[in-house]
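> Turn this into a structure:
(2 chains)
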Protein chains: 2
Amino acid sequence: MSDEFGLRPGEEAIALSPDYDAGLHFIGRIRTPWTRRAECPKNGTQTDALCTIEVDPLFAPGLLSLAGTSHVIVLYWMDRAPRGLLVQRPRHAGAPRGTFALRSPARPNPIALSVADLVGIEENRLTVRGLDCLDGTPLLDLKPYFATTDSKPEARVGWREA
Amino acid sequence: MSDEFGLRPGEEAIALSPDYDAGLHFIGRIRTPWTRRAECPKNGTQTDALCTIEVDPLFAPGLLSLAGTSHVIVLYWMDRAPRGLLVQRPRHAGAPRGTFALRSPARPNPIALSVADLVGIEENRLTVRGLDCLDGTPLLDLKPYFATTDSKPEARVGWREA
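Have a look, this model is predicted:
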């Protein structure tokens, strides 16, 4: 049940400024087997599907020396997500949670992040495992994953343990 | 030594479109002890400095239920970085490397990512450890770090081992 703004009880949304502070270039597209939101896995660990990251040929020189890297951080743009929702009530949650305590695509800057296994590179196309997004999702950035700075196996999320 | 475009030998840059595909809202500012680039640590593991993430009060409701989370993924905007550089020659590297194989701030979408220890939250201010950026850096997003999907201790970076 949601109100006239599409909010469930306990959710909060704000109106965002029509002006932006900075701009993004889409540098490619992500090809996945999923064309409807209901088909998408909840996160990249819940699927073995191979996906293809198609880097726009203009940006392909930026892939130099990425081969041999086992995991890449993929940043992509959730272009269908509402941006003003600050408190959300996910179906799995008993209580409302802040957007910054969630990985929901709905957020002021809907930049999604997944750590993907890099299976192969051929010209401007990367074959990866571990993505969860819709086919055609715009690509924003690729970064090498550094275990020394990015891996925190001891990390805990408070509300998950409550 | 660099040429008239500021490129070192082996570096490649492109001219980017003056049009953007999507827009960003700055949702806060990061307060750090570093006011000049040369003072910044190379990455967040090289400093114990406490930094403050000031979330704009407009967006502060999004922090609900983040307390108790040990690590946050911080996305921030490297607003001084050049965006057209696709092949770079970092000082520590013997050979040119693609931008997408590096964590350099210079990239088509200069979104930086750090995993920070969340030390405390007071109203709209987070105290964290593990950032490396200049004082005043614009904040784009905060996400809880999930060890189940984000921690890959076995990850390897090819060019680091060559």
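> Buried ones in the helix or strand encompassing A:Arg160, by neighbour count?
Using DSSP states H and E, A:Arg160 falls within helix A:158-161. Buried residues in helix A:158-161, defined by neighbour count with 16 or more other CB atoms under 10 Å in any protein chain shown: A:Trp159. Every residue, glycine included, has its C-beta placed from N, CA and C.
> hmm, that helix in reach of chain B?
Yes - Helix A:158-161 is in contact with chain B by CB under 8 Å from any CB of the partner chain, via A:Gly158, A:Trp159, A:Glu161.
> Not counting its own residues, what contacts the helix or strand encompassing A:Ile53?
Using DSSP H and E, A:Ile53 sits within strand A:50-55. Applying CB atoms under 8 Å, 6 or more residues apart in numbering or on different chains, the contact partners of strand A:50-55 are A:27-33, A:62-63, A:74, A:116, A:119, A:124-129, A:131, A:139, A:142, B:100.
> From the chain's centroid, how far away is that strand?
From the chain centre to the centre of strand A:50-55 is a distance of 14 Å (CA atoms, centre = their mean, to the nearest Å).
> strand partners of that strand, parallel vs antiparallel please.
Applying DSSP bridges, strand A:50-55 is found paired with strand A:28-31 (antiparallel), strand A:125-129 (antiparallel).
> And the strands in chain A, which stretches?
For chain A, applying DSSP state E gives strands covering A:12-13, A:22-24, A:28-31, A:50-55, A:71-77, A:85-88, A:97-98, A:111-122, A:125-129, A:137-144.
> Tabulate the strands paired with strand A:50-55 (TSV), appending distance to B:Pro105.
Below are the strands paired with strand A:50-55 laid out as TSV (distance: least, CB to CB, whole Å):
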stretch	distance to B:Pro105
strand A:28-31	20
strand A:125-129	22
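> mind putting those in TSV, mean neighbour count and mean pLDDT included?
Below are the strands paired with strand A:50-55 laid out as TSV (neighbours: other CB atoms under 10 Å in any protein chain shown; pLDDT from 0 to 100):
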stretch	mean neighbour count	mean pLDDT
strand A:28-31	20	98
strand A:125-129	19	98
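> Spatially central residue in chain A, please.
Centre of chain A computed as the mean C-alpha position; nearest residue by CA atoms, centre = their mean is A:Ala112, 2.2 Å away.
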